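Q: I'll drop the sequence and a predicted model, then ask my questions.
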Amino acid sequence: MLFPRRCFSVALILLLTLLTACGGNTPPKGLAPGKDIVKHAIARQLTLIEDRLTAQLDRVSPTNFTIQNLNIKTLNPVYIADLATYQISGTYTLKLNLPRQEVTQEKNQFEIYLQRQAEGKTWRLLIRDNDFSASNTNENQEEDTEEKVTAWKSYLVT
C-alpha cells in the first residue's frame, strides 16, 4: 500500500516540475493594467510630447484634452528589468479643448509599455530612450560584433 502512494507522489512531483519548466516566463495577464491606467498612461505620454513642443515654441498654456473610446487590441506580457511589463496597443479618440474650438481626432493608434512596480500598487510608463547608444563588445566573438542594449525612460502613471 505504501509503494503505490509513493509512486503516485513521485509521478505528481515530476509532472508538476515538467509543467513548470515548459511554461513561458511571462507575467500573468490577470495582473495587467485596467483601461483607466492605460488612459492615464496615454495622457502622460501626450503631455510629455506637448511639454517638449511648448518648450520649443515658448508657449506656456497647456492644452486641455480627454481620451475617449479606448480600444485595446493587443496586450503582451513581458519582463523588463525583472518587473512585470505589459506592451499594450490599440486605438483611442482624442478630444482637444482649444481656446476657440473643440477638435475630435478618432482612431489614434497607440503602443505603450506599462510596468507594474515591485510593491504592486503603482504603474510606470516606459518609453524607449533613443538618445541612449550603449553597446557591449562580447569578448568571445569578433570585435566588430556589438550587442545592442535597450534603455528606457520611466514615468509614474497617476
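A: Great, that's in hand. Numbering: from 1, shown residues only.

Q: any idea how far stretch 51-70 is from the chain center?
A: Its chain's C-alpha centre and that of stretch 51-70 lie 22 Å apart, by CA atoms, centre = their mean, to the nearest Å.

Q: Equivalent analysis for stretch 83-96, please.
A: Worked out by CA atoms, centre = their mean, stretch 83-96 lies 9 Å from the chain centre.

Q: Equivalent analysis for stretch 37-44, please.
A: Its chain's C-alpha centre and that of stretch 37-44 lie 11 Å apart, by CA atoms, centre = their mean.

Q: average pLDDT for it?
A: Here stretch 37-44 scores 98 as its mean pLDDT.

Q: what's the longest strand anywhere in the chain packed up against?
A: When every strand of the chain is counted residue by residue (DSSP state E), the longest turns out to be strand 64-80. Counting contacts by 3 or more CB pairs under 8 Å, 6 or more residues apart in numbering; DSSP states H and E, strand 64-80 is packed against helix 35-57, strand 83-97, strand 102-116. Yep, even glycine has a C-beta here, placed from its N, CA and C like the rest.

Q: ok, how many other residues are close to the residue lying closest to Lys39 once chain neighbours are set aside?
A: Distance criterion CB to CB, 6 or more residues apart in numbering; nearest residue to Lys39, sequence neighbours excluded, is Ile67 at 4.8 Å. Number of residues near Ile67 (other CB atoms under 10 Å) recorded here: 19.
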